[in-house]
Every structure is written in C-alpha cells, then in structure tokens.
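Colleague: I would like to see how this sequence folds:
(one chain, ligands or ions: 1)
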Amino acid sequence: MLKHLILSGLSFILIASESAQASNTLLTQIKKSDQGDWSVEYKAAEPIEKIVFNNSPNGSRVERWSSDSDEFEIVYQERQESIHRKDGKSFTTARFNLTPTYTHLPKNYGPFSPLSDGGMIIHSGRFFACANVCGKRENNWQFSLTVPSDEHIILNGEVLKETVSWSDRDSGKSIYTGKQKPAEAAGTLSIIDQGLPPVIRQSLDKNIPKLMLYFEKNLGKLSSNYKPTLFASYSNRPGKSTQGGVLPNQIFMHWDTDDLEEKANNDDFLKSTLKTFAHETAHFFQSTSTFDSTAEAWVHEGSAELFAINALLELYPDTKNYVEAFKAKSVDQCIEALKTLSLAKASENGKFQMHYHCGMLIHQRIEQALTQKKTSLTLYEIWQEYRENVVAGSTSGQQTFLNVVEKHTTTELRLKIESFINEQHAAPALAVNAFFE
Ligand SMILES: [Zn+2]
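Modeller: Below is the predicted model of the structure:
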C-alpha cells in the first residue's frame, strides 16, 4: 500500500503524512551555519527518555555526531543507535554537531556527499529518528532545513531559499544545498559537480538525457509531480568509495576519491562509468516501488545490468568490445561465487554482488526464452507488467516477477530459474551451461 502511494502523487503523500503525524512527534531541524558548520536538532512535543534512530547500519554516529553541551551521548547497542541524556533525565530537545564528510554506510546511503565547490547533497533518511521507540510502521518524518542566505536548496525538483520544511517517508530523499544553479535538459534537473573531470561532466550532461529517453521509450513514462533530478558529486579528496543510487524522482552519484583526473584518461573506466549511469537510469525507470528485499535483489540489479548494456549497445555502438568483456567477466564472477553458495543465500552472506552477476544471467535466460518463443514481447515489457502488478498491490520481488515470466514463457522455465537460484551447484560452470539449454 505504501509503495502504491509513492507513485500516486503528492496529494496521497500529504494525506498519509497527516494521518501518521500523531504517532511521531519529533521534529528534525538540520542547519548549515554561516560559518559552514552542520548541526541537527531534534525537538519533541513532550518530554522523552531517548531518541532512537530508524536505521543504524553501523555505530558511526557515536564518532561523527557530537553534543556541544556534553549533556547528551549516542549509544550503539544491539545494532541500534540512540540518543540519551548522560544523567538519565528526560528531555525535549537534543542538538548535535555533524561531520559533513562522505562516509560509507553498509547498504545505506551516506548522509553527506560533498561537492568540490563546497555544495552538499544530503540524504534525509539518515536523520529519521523517533521519540523513545520506532514502531515498525513508522513512516512519517518532519523536517526543516536552513542554509545561509547566499545558498539555495533543491528539494523535490524546486529551487528554494533559506528555510524549507517537509514531511518525509520511505527511504528519504537527496537534497542539494549550495550556490550552483541546476541545469535542465529533457525535463531533468541536474546538479553536476563542476570539479569533475570535463570528460565525465560532459558525459553526464550529454548521456543522462539520452539514457532517460531510451528507458522512457522501453520501460514507459513515469508519472510524477516533480521534475526528476540528477545529482553528481565529487569530493576530490583521498577516498575509495563510489556510490550511485535512485530514490523517487532522483538519481545520484558520488565519487569519494581524488583520482578521477587520472582515471578519466582510461577508456575502459569511461565506458564502465557510462554503464553505471545506464544502470542507475534503468533503476529510475524500474521505479523504486519494485525494489525488493535484499535477498531477492537479483530481480532489479540483474535486470539493471542487462538493460544498461542493452542501452550501451544501442546508443553507443563503440562500446561493443567493452560490453562483450563485461558480459564474460560477469559470467565468471557468477560461476566463482556459486562455488561456495547459492544466489538465494548471497545477501545473508555479504555477497551482494552476486545479484548483479548471476541476476544478469537469469535475465539473459529470460530474453533467450522470449526470442525462442518467437513472441514480439521483450524483457522490457515483462518488466513493465511486473511494475504494474506491484503498483496494483502485488508484493515486489521474485514471486511476482516470476509469475509474469511464467505467464509469457513456460512453467518449466520458471522451475529452472528457481532451482538455479536455490541450489549451490557442485559444478557451477556446467550448471550455467545447462541453464541456457
Ligand atoms: Zn543497482
């Protein structure tokens, strides 16, 4: 139901927020001072014992958040971070200074993606917190954000000044703060870090609109009240992480490195970056509502990989050799991983990459079946039908997806896919060959 609301537009979201408001009385105020310091203040309407974070992928807030009054502390216990007063008394307000640098969070988006000119992309989901306890169904978060008067904010496709307020939900959103004016092409707003090497900047400028049109043609237009926004940020400081992702109406990419100038000379790196852009744009058109549990991530990750290389081959024929090498490497990586565990167990064993490699193989197998059946139906149309089913209320994930696949292919293929996912395979290379027979 909640997933349905995302696609149904603003009026539904506002209604949902009002009805949920009574259960979460915390107000989250994020501020960037004129000196460039970042802070967050939580305010409760009634005295509370503690503030509990909705999501604690690790305990890094203990190090990265500091209380200037020294009255408060953040405790990380049983995989959950929470804010307490050191003297155990109840409170209504708690304020923390934040560390505004990129930090890698396992399977979560980092709170800060700095741009090289001092701008910032913040991810609101990192600040979701509740008074005393977060109920399982808690999905309403009240925010305000204040920035210096010479900066602006891009929120929900709009450029705004000084202080903005909003109700947030689900996985949160990316919000830009800084001085850069967004560019607009093919109906998409973009903030592209001007410190990125020109060749990457130009690739984003030119190729994202092209990819948006490609996927709109193949996966259908998404309805939305907001202009989609692309954020691409580059910290340009020593680091190793690259992060890409999608949230409703948003695509973002962040390079937390300082070696892009050097890498930009490498043709393979540029092609793989283009593939990443295509992968994220494919996710954008899959719609975040179809994203399934991490155990079944092969459905959206595997298809995004295949859709990305399909797009590359159609739009950029000179990527052919890169794509062939990429496909071969993916098969090898899937086979290697299958030696130790099944795809069904990949996520719980920290082998998330298997969803990309083996997931792409499964989607290639479905494409093969559609071709053999001589139907004019494409994998994109299978995906559209799957997306429609999810929007109409079916659970996102493997079952609903394979129901659609089975409907347009055979029960035999469905069973074959299911056993490929669930079995560990004594001889994975043979199993992959047999899978395609
Ligand atoms: Zn992905």
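
Colleague: show me the shaky parts of the stretch 151-300 of the chain.
Modeller: Within the stretch 151-300 of the chain, no range satisfies pLDDT under 70.

Colleague: excluding residues flanking it in the chain, which one is nearest the residue of the stretch 1-150 of the chain found nearest the ion?
Modeller: As assessed by CB to the ion, the ion sits closest to Lys107 within the stretch 1-150 of the chain, at 11.7 Å. Where C-beta positions appear, they are placed from N, C-alpha and C, glycine not excepted. Leaving aside its chain neighbours, Lys107 sits nearest to Pro57 (6.3 Å; criterion: CB to CB, 6 or more residues apart in numbering).

Colleague: equivalent analysis for Tyr322, please.
Modeller: Lys271 (4.2 Å).

Colleague: near that neighbour, how many other residues are there?
Modeller: 19 (other CB atoms under 10 Å).

Colleague: doesn't the residue nearest to Lys107 fall inside a helix?
Modeller: No. Assigned with DSSP: H, G, I helix; E, B strand; the rest coil, Pro57 falls outside any helix and is coil.

Colleague: buried residues in stretch 222-236?
Modeller: Going by neighbour count (16 or more other CB atoms under 10 Å), the buried part of stretch 222-236 is 222, 224, 226, 228-236.

Colleague: and the residue lying closest to Tyr109 once chain neighbours are set aside, what is it in contact with?
Modeller: Of all residues not flanking Tyr109 in the chain, His123 sits nearest, at 4.5 Å (CB to CB, 6+ apart). His123 makes contact with 109-113, 172-175 under the criterion CB atoms under 8 Å, 6 or more residues apart in numbering.

Colleague: which one of these is nearest His254?
Modeller: Ser113 (4.0 Å; CB to CB).

Colleague: hmm, back to that, could the buried residues of stretch 222-236 be laid out in CSV, adding secondary structure and distance to Ser167?
Modeller: Below are those laid out as CSV (DSSP: H, G, I helix; E, B strand; the rest coil; distance: CB to CB, whole Å):
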residue, secondary structure, distance to Ser167
Leu222, coil, 21
Ser224, coil, 17
Tyr226, coil, 14
Pro228, coil, 20
Thr229, strand, 18
Leu230, strand, 24
Phe231, strand, 21
Ala232, strand, 27
Ser233, strand, 25
Tyr234, strand, 31
Ser235, coil, 30
Asn236, coil, 34
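
Colleague: include distance to Glu423 when you put these into TSV, please.
Modeller: Below are the buried residues of stretch 222-236 laid out as TSV (distance: CB to CB, whole Å):
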residue	distance to Glu423
Leu222	36
Ser224	41
Tyr226	44
Pro228	40
Thr229	42
Leu230	40
Phe231	40
Ala232	40
Ser233	42
Tyr234	43
Ser235	42
Asn236	46
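
Colleague: show me what from the stretch 251-400 of the chain comes close to the ion.
Modeller: Selection of the stretch 251-400 of the chain residues close to the ion by CB under 5 Å from the ion yields 301, 304.

Colleague: any chance you could map the strands in the stretch 251-400 of the chain?
Modeller: In order along the chain, the stretch 251-400 of the chain carries no strands (DSSP state E, counting those that start in this stretch).

Colleague: make CSV from the buried residues of stretch 222-236 and add distance to the ion to it.
Modeller: Shown next, in CSV, are the buried residues of stretch 222-236 (distance: CB to the ion, whole Å):
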residue, distance to the ion
Leu222, 17
Ser224, 20
Tyr226, 22
Pro228, 17
Thr229, 18
Leu230, 16
Phe231, 16
Ala232, 16
Ser233, 18
Tyr234, 20
Ser235, 21
Asn236, 24
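
Colleague: hmm, Thr242 and Thr257 touching each other?
Modeller: Yes. Counting by CB atoms under 8 Å, Thr242 is a contact partner of Thr257 at 7.0 Å.

Colleague: those two: who's more crowded?
Modeller: Ranked by neighbour count (other CB under 10 Å), Thr257 and Thr242 place Thr257 first, with 18 against 15.

Colleague: spatially nearest residue to the more buried one, not counting backbone neighbours?
Modeller: With CB to CB, 6+ apart, the residue lying closest to Thr257 is Gly239, at 5.1 Å.

Colleague: contacting residues for that neighbour?
Modeller: 102, 256-258.

Colleague: who's in contact with Ser82?
Modeller: 50-53, 74-75.

Colleague: so who does the closest residue to Asp34 other than its chain neighbours touch?
Modeller: What sits nearest to Asp34 in space, not counting adjacent residues and going by CB to CB, 6+ apart, is Pro148, at 4.8 Å. Each residue near Pro148 by CB under 8 Å, 6+ apart is listed here: 32-34.
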